[in-house]
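Return a 3D structure for these sequence lines:
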Amino acid sequence: MSQKREERHHHLREILLRQGRTKIKDLAQQLSVTPETLRADLNVMEKAGLVIKEHGFARLKMGMVESPVAMRNQENQDEKRRAMSFALTLVRDGDVVFIDSGSTTLPGLPALVGKKDLIVVTNSLLIANECVKLDLKIVMIGGFVFNNGMRTYGNFATELIDHLQIDIAFLGTDGFKDSLGFTTCNENEMGLKRHLINRSKKLVVVCDESKFETKAPFSFCRFSEIDVLVTNKLSPEQRKTVGAVPTVYEID
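Modelled structure (predicted):
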């Protein structure tokens, strides 16, 4: 998919998230594209399970389907970068560090430059590629590749985790509105995340504040199981939601 089309899909998702069910002709005007181009974009997003078209309207399909990581990488970039850059200050020289797949963990990776004797473990193809550029030592977890998330999963991945001593693990979440813990859209992540929770000395969840308003169907842990949450500035209601997390850092 071209970068221009990815950007249109990102803007289209933002409009539908903000406006809800919207006329297709109005969407074309707002994006300054022809109706034909918009219909082609909507067809692609519908096949990916991201939108629903109905009688001249379009709306987002919420909750159950994970958006492609290329689209999510364009959302709330500054907030994600600041949160992850701060989170990585918790890493010490000599640590074995797991970094989860996802759009929140990727932007802050340059914060690891200068750390000594690190081993970075990941199931993310994008994070592994970025770590190569930063000349970091990497253990890439094998397994089946989930294309939307550009990550590996399955028995091959979880078995390797069981042979590692992880000092600190950085996990993402797909949202946790009305939930008792951190969640994911995909059941194929559940096993790997549970193995990580059992094998890691310290657990850190990193997310931007949009996750407080997003729902996902599968809970991989209770709030109290995580040691640290790093996120953006929260409202009193949002702080109450994650009150069971022992330590919460709010990054401006």
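
Which secondary structure state does residue 201 sit in?
strand (DSSP: H, G, I helix; E, B strand; the rest coil).

these two touch, right, it and residue 166?
Yes. With contact defined as Cβ atoms under 8 Å, residue 201 reaches residue 166; the gap is 6.9 Å. The C-beta positions use only the backbone N, C-alpha and C, and glycine is treated the same way.

more neighbours, these two?
residue 166 (20 against 12; other Cβ atoms under 10 Å).

which one is that one nearest to, not counting chain neighbours?
Excluding its sequence neighbours, the residue lying closest to residue 166 (Cβ to Cβ, 6 or more residues apart in numbering) is residue 200, at 4.3 Å.

quick one: the strands in the stretch 151-252 of the chain?
151-153, 166-171, 181-184, 200-206, 218-222, 228-232, 247-251 (DSSP state E, counting those that start in this stretch).

The shortest one packs against which elements?
Pointing back at strand 151-153 there. strand 144-146 (3 or more Cβ pairs under 8 Å, 6 or more residues apart in numbering; DSSP states H and E).

The strand it packs on pairs with which strands, parallel or anti?
strand 151-153 (antiparallel) (DSSP bridges).

what's in contact with the partner strand?
Outside strand 151-153, the residues that touch it by Cβ atoms under 8 Å, 6 or more residues apart in numbering are 101, 123-125, 140-146, 188-189, 191-192.

Who wins on neighbours among those residues?
Neighbour max across the contacts of strand 151-153 (other Cβ under 10 Å) = residue 123, 29 neighbours.

right, and it touches residue 157 too?
Yes. The pair residue 123 / residue 157 is scored as a contact, 5.7 Å apart, by Cβ under 8 Å.
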